[in-house]
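With the input below, show me the fold.
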Amino acid sequence: MNRNDDAAFYRNREMQEMRSSELAADPHICRLHWEMAQRYGFLARQAEALAQN
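Numbers count the residues shown, from 1 in each chain. Modelled structure (predicted):
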């Protein structure tokens, strides 16, 4: 995979985790999915920054 593919993958996973967070009934599970979405968002931003260099 190249960095553009990585960024797209991480953005997709971020959106999936956000949807899971919204659907979770248990607040602990909701928080877990939200934190994973934040992590995937961070990884996507890193991959996008590296792809620009």
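
How far does the helix or strand harbouring Phe9 sit from its chain's centre?
Secondary structure assigned from DSSP states H and E places Phe9 in helix 3-23. Put simply, helix 3-23 sits 4 Å off its chain's centre (CA atoms, centre = their mean, to the nearest Å).

Please identify the buried residues of the helix or strand just after that helix?
Using DSSP H and E, the helix or strand that follows helix 3-23 towards the C-terminus is helix 27-52. By neighbour count on 16 or more other CB atoms under 10 Å, the buried set for helix 27-52 is 33-34, 36-37, 40-41, 43-44, 47-48. From N, CA and C alone the C-beta is placed, and that goes for glycine too.

helices and strands around helix 27-52, which ones?
Secondary-structure packing of helix 27-52 (3 or more CB pairs under 8 Å, 6 or more residues apart in numbering; DSSP states H and E): helix 3-23.

buried ones in the helix it packs on?
Those would be 6-7, 10-11, 13-14, 17-18, 20-21, for helix 3-23 by 16+ other CB under 10 Å.

right, and out of those residues, which lies closest to His28?
Proximity of these to His28 (CB to CB) peaks at Ser21, which lies at 11.3 Å.

Now do the closest residue to that closest one other than its chain neighbours against Tyr10, distance only.
Distances taken as CB to CB, 6 or more residues apart in numbering put His33 closest to Ser21, at 3.7 Å, once the chain neighbours are dropped. His33 is 15 Å from Tyr10, where distance means CB to CB, to the nearest Å.

now Asn4
11 Å.

Now the common contact residues for these two.
Ala47 (CB atoms under 8 Å, 6 or more residues apart in numbering).

ok, now which ones touch the closest residue to Glu48 other than its chain neighbours?
Leaving aside its sequence neighbours, Glu48 sits nearest to Ala7 (CB to CB, 6+ apart; 4.6 Å). By CB under 8 Å, 6+ apart, the contact set of Ala7 is 44, 47-48, 51.
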